[in-house]
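A.B. asks: Quick one, what's the 3D model for this:
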Amino acid sequence: MTSRRSMFLFTLPALIVLGLFFVYPILLTFQMSFTSFAGVGEAEPVGLKNYDRIVSRSRYLNALWITAKFTIVVVVLQTIAGLCFAALLHRLPAVRNFARAALFTPAMMSFVVVGYVWQFIYSPFSGGLNALLRGAGLDWLARGWLGDPDTALYAIAIAHIWMFTGYTTAIFLAGYANIPSDVDEAGRLDGASSWQRFRYLEIPLLAPSFTINIMLSTIGTLKTFELPFIMTRGGPDGATRTLSLEIIEQLFGRYKFGFASALSIVMLVIVIMVAVFQNWYLRRREDI
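C.D. replies: Model (predicted):
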């Protein structure tokens, strides 16, 4: 009994903080999503009008689609890039620590700095990417990467991947550290090539690292706001207007607190559903 009481007393401060700064704001947002609150004055109830507006207007459904597309591109390419770097560094112990620190550096940089750096790289006039293409004789590929609706979202995705690939690599390297050396030795003795050991031994044993990386990348990317806001402000022609950008615009640009709350609840539900499904599926894959 004393032990249970002690456990409760030790967890009480954390529960209070969690309730005040997490549970209560969510409940308040949920309540506000059924109103037309504009930041001042009375919050008049409007029922499901805000949610009906979300599902009946193409603007917000398009923001959901853009968010989903951005998330898929980032998670897939970032996971592959992180895995490749981790596999390479696992085989090069002499440079592993230095390369790991170098790869992790972009993740410690400010979103503002990263956004402006890549905005300069993508500049149609003096940008490094177009200069590189012209220098290689590929002038026909040079373009305004952030000004073209067909390439803007993917350009931002590349910047996001560059920023967080080191984070993904570090998690995979931690997974490699948990693989017994006997497994690799057994593969060598059986005559397995480096590719065969990677494909049939390392990848299955890295399943927990895949679970962590994919879940963290997905949750973080679904909520992404900084890079699209800094680099394009949701343009051109709404091609990079993610759901987070839409929420910020409705909240601080149009002062539609009630509608922004409804969008926030939709995002919360999507993130929870995706996270639960991924956790269930990837955990099951770990046991196969």
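
A.B. asks: what residue ranges in the stretch 151-288 of the chain score low on pLDDT?
C.D. replies: The stretch 151-288 of the chain contains residues with pLDDT under 70 at 287-288.

A.B. asks: Do a quick rundown of the helices in it.
C.D. replies: Under the criterion DSSP state H, counting those that start in this stretch, helices of the stretch 151-288 of the chain are mapped to 152-177, 181-189, 194-197, 203-205, 207-222, 226-231, 243-248, 257-286.

A.B. asks: Show me what the third one is packed against.
C.D. replies: In terms of contacts (3 or more C-beta pairs under 8 Å, 6 or more residues apart in numbering; DSSP states H and E), helix 194-197 is packed against helix 181-189. Where you see a C-beta, it was placed from the backbone N, CA and C, and this is true even at glycine.

A.B. asks: and the angle from the helix it packs on to helix 152-177?
C.D. replies: What separates the directions of helix 181-189 and helix 152-177 is an angle of 100 degrees, with axes from the mean of the first three to the mean of the last three C-alpha atoms, to 10 degrees.

A.B. asks: residues touching I270, list them.
C.D. replies: With contact taken as C-beta atoms under 8 Å, 6 or more residues apart in numbering, I270 is in contact with 64, 222.

A.B. asks: State the distance from it to P93.
C.D. replies: Applying C-beta to C-beta, to the nearest Å, the value for I270 to P93 is 41 Å.

A.B. asks: same deal with L205?
C.D. replies: Using C-beta to C-beta, one obtains 18 Å as the distance from L205 to P93.

A.B. asks: Looking at these two, which is more packed in?
C.D. replies: Here L205 and P93 are set side by side on neighbour count (other C-beta atoms under 10 Å), and the busier one is L205, at 16 against 8.

A.B. asks: Nearest residue to the more buried one in space, please, no chain neighbours.
C.D. replies: Distance criterion C-beta to C-beta, 6 or more residues apart in numbering; nearest residue to L205, sequence neighbours excluded, is I179 at 5.0 Å.

A.B. asks: ok, that neighbour - how many residues close by?
C.D. replies: Number of residues near I179 (other C-beta under 10 Å) recorded here: 15.

A.B. asks: Looks like it contacts I203 (just checking).
C.D. replies: No - I179 is not in contact with I203 according to C-beta atoms under 8 Å; the separation is 10.7 Å.

A.B. asks: State the distance from the nearest residue to F198 once chain neighbours are set aside to I203.
C.D. replies: Residue nearest to F198 in three dimensions, not counting chain neighbours: A87, with 5.9 Å by C-beta to C-beta, 6+ apart. Applying C-beta to C-beta, the value for A87 to I203 is 9 Å.

A.B. asks: Between these two, tell me which one has more neighbours.
C.D. replies: A87 (20 against 14).

A.B. asks: what's the helix or strand for the more buried one?
C.D. replies: Using DSSP states H and E, the element containing A87 is helix 58-90.

A.B. asks: tilt between that helix and helix 207-222?
C.D. replies: Going by the same axes, to 10 degrees, helix 58-90 makes 140 degrees with helix 207-222.
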